[in-house]
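K.L.:
pasting a predicted model and its sequence here:
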Amino acid sequence: MTEPTAAPPVPKAELHVHLEAGAAPALVRRNADRYGVDVSRLFDDEGRYLWTDFTTFLTAYDLAASVFRTPEDFAGLAESYQLDAAAAGSVYTEFFVSPDFGNRSGLGYRAYLDGIVEGLRRAEAAAGIVGRLIPLIERHYGPERGVEAARAAVNNLVPEVVGFGMAGEERLYAPHEFRPAFEVAAEAGLPLTCHAGEWCSWEGVAATLDALPVRRIGHGVRAIENADLVRRIAAEGIHLEICPVSNVTLGVYGSYADHPLLKLRAAGVRHSLNSDDPPFFWTSVGHEYRVGRDTFGLSDAELAGVTRMAIEDAFCDEATKARLFARL
Ligand code: ADE
Ligand code: ZN
């Protein structure tokens, strides 16, 4: 009798992963040893990232990022993330990268970017997974640094850079204060995304859509608090980059039962499933899809539909999308 062969995993695609927050603890420890950086406060007794709330998470994420210092460090980071994602059945990742982190590493943004691109190309050659980049503003550094991040992005447009966005502490500054920065990116033709509706209510999402010409919102889940806004998001085809494990682990929602993923789907909102800051939240792209299936009850066909929507709303060019669709 022949053994039944296991069904291949549902193909996956992610539009929302912060590169430096995708670093596995073992990689961070290795680099920290090499650079003589004390990262003992970064990990618990079981070697997992240690943080207690969003603010201490951001500090931990900064410290982990500080042990990536050469183009090859960044190449290794991007490559290792992509190889793990490919092993879980992912065909595409859009990473958030940060001109601020590039500068802070001492490399400058261009050398940082070149290292990351080298890692993406190595991973694609080895495993077929495609990687693209979205430079972003770290919101808590303020609107002026935002304009500098946008200028860095548009002055260093390699083919892998496909969009522009903003993450960071949503409770600081209003979206309209970043309009000059987003205009710099929009004028260069970069499609836009912005984190909103994670730490601020539905009003943060509405204010972002009113102030900034974004096609996608990072998280955006708290739009559920206003039915008119949900209808607007569905009608305008705004895509929500949903990160369920991040939302529950950081305490945006107390449990998966409270998470609005299924309500947003039912309202016809376009969306994807994403790991955000995976090892910090003990998740991965594979785990997000597992949660989609086991906790939210989505079928494999529905999950494949989520992947299709992610690729449709990805910021890469149409030829790349056609290549990806051929693999679904
Ligand atoms: N940067 C990294 N992870 C983030 C998150 N979940 N929200 C806002 N900014 C972030
Ligand atoms: Zn994020």
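P.N.:
In hand now; what should we look at? Ligands and ions are numbered 1, 2, ... in the order given.

K.L.:
and the closest residue to ligand 1 within the stretch 51-200 of the chain, how far from R265?
P.N.:
Per CB to the nearest ligand atom, A167 is where the stretch 51-200 of the chain lies closest to ligand 1, at 3.6 Å. Every residue, glycine included, has its C-beta placed from N, CA and C. Separation of A167 from R265 (CB to CB, to the nearest Å): 24 Å.

K.L.:
these two: who's more crowded?
P.N.:
A167 (25 against 17; other CB atoms under 10 Å).

K.L.:
confirm for me that that one is in contact with E138.
P.N.:
Yes - using CB atoms under 8 Å, A167 is in contact with E138, at 6.6 Å.

K.L.:
restrict the lowest-mean-pLDDT helix or strand in the chain to CA atoms and write it as CSV.
P.N.:
The weakest-scoring helix or strand in the chain, judged by mean pLDDT, DSSP states H and E, is helix 99-104 (a mean of 90). This file holds the C-alpha atoms of helix 99-104, laid out as CSV (Å, rounded to 0.1, in the frame of the first residue of the first chain):
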residue,chain,number,x,y,z
PRO,A,99,15.8,54.5,6.9
ASP,A,100,16.2,55.5,10.6
PHE,A,101,17.5,52.0,11.5
GLY,A,102,19.8,52.1,8.4
ASN,A,103,21.3,55.3,9.6
ARG,A,104,21.5,54.2,13.2
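
K.L.:
could you list the buried residues of it?
P.N.:
Within helix 99-104, the residues scored as buried using 16 or more other CB atoms under 10 Å are 99-103.

K.L.:
same thing with stretch 83-101?
P.N.:
Those would be 84-86, 88-101, for stretch 83-101 by 16+ other CB under 10 Å.

K.L.:
keep only those residues that also lie close to ligand 1.
P.N.:
Counting by CB under 6 Å from any ligand atom, nothing from the buried residues of stretch 83-101 sits close to ligand 1.

K.L.:
got the residue ranges for the strands in the stretch 201-328 of the chain?
P.N.:
With DSSP state E, counting those that start in this stretch as the criterion, the stretch 201-328 of the chain has strands at 216-219, 239-242, 270-273.

K.L.:
which secondary structure elements does the second one contact?
P.N.:
Under the contact criterion of 3 or more CB pairs under 8 Å, 6 or more residues apart in numbering; DSSP states H and E, the helices and strands touching strand 239-242 comprise strand 12-18, strand 216-219, helix 261-266, strand 270-273.

K.L.:
mind listing what the second one pairs with, with the direction of each?
P.N.:
Read that as strand 216-219. Strand 216-219 pairs in its sheet with strand 192-196 (parallel), strand 239-242 (parallel), by DSSP bridges.

K.L.:
in TSV: those, plus distance to ligand 1, mean pLDDT and mean neighbour count.
P.N.:
Converted to TSV, these look like this (distance: least, CB to the nearest ligand atom, whole Å; pLDDT from 0 to 100; neighbours: other CB atoms under 10 Å):
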stretch	distance to ligand 1	mean pLDDT	mean neighbour count
strand 192-196	5	98	27
strand 239-242	10	99	26
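
K.L.:
closest one to ligand 1 among the helices and strands packed on strand 239-242?
P.N.:
strand 12-18 (4.4 Å).

K.L.:
average pLDDT for the closest one?
P.N.:
Here strand 12-18 scores 98 as its mean pLDDT.

K.L.:
mind listing what's buried in the helix or strand following it?
P.N.:
Following strand 12-18 in sequence order, the next helix or strand is helix 25-35 (DSSP states H and E). By neighbour count on 16+ other CB under 10 Å, the buried set for helix 25-35 is 25, 27-29, 31-32.

K.L.:
now do helix 25-35: distance to the chain's middle.
P.N.:
Using CA atoms, centre = their mean, to the nearest Å, the mean C-alpha position of helix 25-35 is found 23 Å from that of the whole chain.

K.L.:
only alpha carbons, please: show that helix as PDB.
P.N.:
Output in PDB follows, covering the C-alpha atoms of helix 25-35 (Å, rounded to 0.1, in the frame of the first residue of the first chain):
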ATOM      1  CA  PRO A  25      16.600  35.200  19.000                       C
ATOM      2  CA  ALA A  26      19.500  32.900  18.100                       C
ATOM      3  CA  LEU A  27      20.600  35.200  15.300                       C
ATOM      4  CA  VAL A  28      20.400  38.200  17.600                       C
ATOM      5  CA  ARG A  29      22.500  36.400  20.200                       C
ATOM      6  CA  ARG A  30      25.100  35.400  17.700                       C
ATOM      7  CA  ASN A  31      25.500  38.900  16.400                       C
ATOM      8  CA  ALA A  32      25.400  40.400  19.900                       C
ATOM      9  CA  ASP A  33      28.300  38.100  20.900                       C
ATOM     10  CA  ARG A  34      30.200  39.100  17.800                       C
ATOM     11  CA  TYR A  35      29.800  42.800  18.600                       C
END
